[in-house]
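Just to be clear, the model below is a prediction. Sequence and coordinates:
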Amino acid sequence: MKNLLVTGSAGLIGSETVRYFSRMGFSVYGIDNDMRAYYFGKTASTKWNLMRLKSEVKNFKQFDIDIRDEEKIEDIFKQTKFDVVIHTAAQPSHDWAAKEPLTDFDVNAKGTLIMLENLRKYCPEAVFIFTSTNKVYGDSPNSLPLIELKTRYELPPGHRYYKGIDETMSIDNSKHSIFGVSKSSADLMVQEYGKYFGLKTCVFRGGCLTGPVHSGTKLHGFLSYLVRCIATGQKYTILGYKGKQVRDNIHSYDLVSAFYQVYQNPRCGEAYNIGGSRHSNTSIIEAIEKIENVLNKKANFEYKEENRIGDHIWYISDVSKFQKHYPKWEYQYDGDRIIEEICFSGHFASESYGSSTLTFFEGNQKKKHKLEKVFISGHVTNAFGYVQALRLYLGSISKEVVSVDHLLRKTYGRMFLVDFILNFWWFYKNSKDVHLYFGMNVLNAASGVILKKLGFKFTLVYYSIDYSFRHSNSFLINWFYSLIDNFSRKNADFVWNGAPEMLKLREEQGLPKNKNILARSGVYSLITGPAFVEKNPQQRQILVIDGFLSNNTVSEQAIEALIFLRKKFPRIKLRIFVGRLDKEKLEKFAEEKKVKKLVEFYENVPHLKAFILYKDCGIGLGLFGIDELDTAVYRDPAEIKELIAAGLPVVCSEGFLISKEIEKNKTGFEIKNSSKNIAEKVEYLLSNPKTYSLFSQNAVKYAKRLSWENIFETAFKDSNLPK
């Protein structure tokens, strides 16, 4: 197994690197001592992200040390021979650097030199990748002949830098800021160790690097901080240039995928400009408008004429040099997708403990709200789900939302108790004027029941997202789960059920009809698209599987179905979005069945990007198998709904109610799992163009009824909320 060392491992780029390279089979070693909290305060701390990395990532070892500690850094290099070193740790702020220039230079320049020298001494064959900055060019970009437009500054289309600023721009004769100088020193040293010593070093001069785990603050992290301010109701200050200054934004995932390309084919001492380029860029006032549309709330901002020293008026990266050297690399995120993901799943916490966070969301002060103060406690993953959807909806209709997020994991034992206690502690600190409490699943609902019994007055909604009679082979665990579910169900004011099957189950358990509410999974309306788009004949022959829904058994059945289908449809293809599937096993199976050329695997594709790619496919395979030990035997798979929302007729396994609804709404077929049944229904759809078009149109119409907004509005109405 190959070894990776990443500095700043709990930060935006570092943590993305940990996750990405771990999925690629690396043993990952991280260095991070949470200096970000020292620079910017506790709200910028990355401890919460480190705890999640430790919970989620296998083969990950963390060192809580300072990159300036020469002795301890050398010990790490002595103990392990690394194949790649990715250096992301830094002091990242213009303004902060001016307060402590010695610390800034010590971290950014000396810290980088320490890493390079240990690389040279102990693993000279390793690849070294450094995250530099576009501030190495100082304020030279501000001398360009910019034109003021309605919402942004821009270059004339014929200008040599219109496509973006490339690596030929001089780094001399400009005002860099103290931060820009310290990073320039490190930038040049990384190049020099490549050119002088022949080491495989690479510099990335980044534009605005961003993503949902960015702990954005006023002094660093423009886009994530802007989303944070609008989402939580904080006042945002625009500094100069009328808010028309332009930034290109690159998602952390896209940057780390560029790192991987360099690792696979390294060069010595290369420097690349990297950013969103013309693919992904925005001015501040353009970004505000986009964020307001996603969050459905107005920004609270002020304007100050004085700009930051050395701040760029316009900066867009030209990434053509990197694309020429690494033609396989491509963007997965554009600007709109970046903003949407940060809005959906961004980190805006005010407090954190371990992997749990507390966040306050304030509504527009001038708007009349349906609800006053709402408390919501739930378990989350990095994906957009019930908790994020409800929080987003509540944020648009409430005066204030207090949100507690716990990392979704096996919460039995000690961590179960920690999450339980945190619900009490954070509610107690913020209980004033709370009128509505959402407990997302059984643990969080039980907390709400106990708080009510202690005398707190609020309406309690137990949002039962999924359900299973058996959670493990342990009788004690299953008994305890059933006990607290009964306790929560009987004492909550309302039980919202995440699947129609659960609604029926609750009725059988004796829950009164007026308390038993359906609030199933949905699709976010912004991703469904405005209208139906007809698929061309080539697109129709592309089948698609979501590896977060399907298991290996049903995926093998889909591969086997290709044997029958290719006889009549020689251009048939199967795209498998790997998710939790065993790719190697499926590749071997496809080779054995002699259909390997017909199967395409998509790994590590971000959720929103996957949905976009679905739209280029023709038929969704909503295949699944239900295990009696599945913790979600009763559930409403959102993965199937996203296939429908992409305008795909769906061939769906029987077992969930959604499968029957698909047939009823003429958007696809329900089948018993077998390669023969899959092939039969796919052949029927491809052989009957009129039926295919009808099903595709119906799919888009059906998906619009499944928007999260519609689901929550209906659930509130059925619950007679607000009171």
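Noted; the coordinates are in hand. Numbers count the residues shown, from 1 in each chain.

low-scoring stretches of the stretch 451-600 of the chain, by residue?
Low-confidence segments of the stretch 451-600 of the chain (pLDDT under 70): 471-472, 525-532.

Tell me which stretches of it form strands.
In the stretch 451-600 of the chain, the segments counted as strands under DSSP state E, counting those that start in this stretch are 459-464, 494-497, 516-518, 542-546, 573-577, 599-602.

Dump the ones you listed into JSON lines; add distance to Lys242 as well.
(Each C-beta comes from the backbone N, C-alpha and C, glycine too.) JSON lines is the format used below for the strands of the stretch 451-600 of the chain (distance: least, C-beta to C-beta, whole Å):
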{"stretch": "strand 459-464", "distance to Lys242": "44"}
{"stretch": "strand 494-497", "distance to Lys242": "46"}
{"stretch": "strand 516-518", "distance to Lys242": "48"}
{"stretch": "strand 542-546", "distance to Lys242": "44"}
{"stretch": "strand 573-577", "distance to Lys242": "43"}
{"stretch": "strand 599-602", "distance to Lys242": "42"}
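
among the ones you listed, which is nearest Pro145?
Smallest distance to Pro145 across these (C-beta to C-beta): 42.8 Å, for strand 599-602.

of all the strands of the stretch 451-600 of the chain, which lies closest to Gly625?
Of those, nearest to Gly625 by C-beta to C-beta is strand 542-546, at 12.9 Å.

and that closest one, what does it pack onto?
helix 552-568, strand 573-577, strand 619-622, helix 638-645 (3 or more C-beta pairs under 8 Å, 6 or more residues apart in numbering; DSSP states H and E).

And the third one, what's buried?
Judged by neighbour count using 16 or more other C-beta atoms under 10 Å, the buried positions of strand 619-622 are Ile619, Gly620, Leu621, Gly622.

Pick the one among those residues closest to Glu305.
Gly620 (53.0 Å).

Specify the beta-bridge partners of the closest one.
Note on Gly620: beta-bridge partners by DSSP bridges are Val544, Val650.

for Asn497, same thing?
Ser464, Leu518.

which residues touch it?
Residues near Asn497 by C-beta atoms under 8 Å, 6 or more residues apart in numbering: Ser464, Leu503, Arg506, Asn516, Ile517, Leu518, Ala519, Arg520.

same deal with Ser377?
Applying C-beta under 8 Å, 6+ apart, one finds that Ser377 lies in contact with Ser403, Val404, His406, Asn423, Phe427, Tyr437, Phe438, Gly439, Met440, Asn444, Ser447, Gly448.

Most widely separated two among those?
Farthest pair in these, by C-beta to C-beta: His406 and Tyr437, 15.4 Å.

returning to what we had before: mind putting the contacts of Asn497 in CSV, distance to Pro537 and neighbour count included?
As requested, the contacts of Asn497 are exported to CSV (distance: C-beta to C-beta, whole Å; neighbours: other C-beta atoms under 10 Å):
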residue, distance to Pro537, neighbour count
Ser464, 44, 27
Leu503, 41, 22
Arg506, 46, 22
Asn516, 47, 21
Ile517, 44, 25
Leu518, 39, 17
Ala519, 40, 28
Arg520, 34, 24
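
Among the residues you listed, which one sits closest to Asn265?
Arg520 (47.0 Å).

My read is that that closest one contacts Asp466, right?
No. Using C-beta atoms under 8 Å, Arg520 is not in contact with Asp466, being 10.8 Å away.

Per-residue confidence, Ala610, what does it come out as?
On pLDDT, Ala610 comes in at 83.

separation between the spatially closest residue to Thr112 that is not a sequence neighbour and Thr46?
Spatial nearest neighbour of Thr112, chain neighbours left out: Ala186 (3.8 Å); criterion: C-beta to C-beta, 6 or more residues apart in numbering. According to C-beta to C-beta, to the nearest Å, Ala186 stands 21 Å off from Thr46.

who's more crowded, those two?
Ala186 (28 against 25; other C-beta atoms under 10 Å).

wait, doesn't Lys235 sit right on Ala299?
No. The pair Lys235 / Ala299 is not scored as a contact, 9.0 Å apart, by C-beta under 8 Å.

what touches both of these two?
The contact lists of Lys235 and Ala299 share Cys229, where a contact means C-beta under 8 Å, 6+ apart.

Of the two, which one has the most company?
Counted by other C-beta under 10 Å, Lys235 and Ala299 do not tie: Ala299 has more neighbours, with 22 against 9.

Next, the more buried one: phi, psi?
Phi and psi for Ala299, reported as degrees, to the nearest 10, are phi -80, psi 150.
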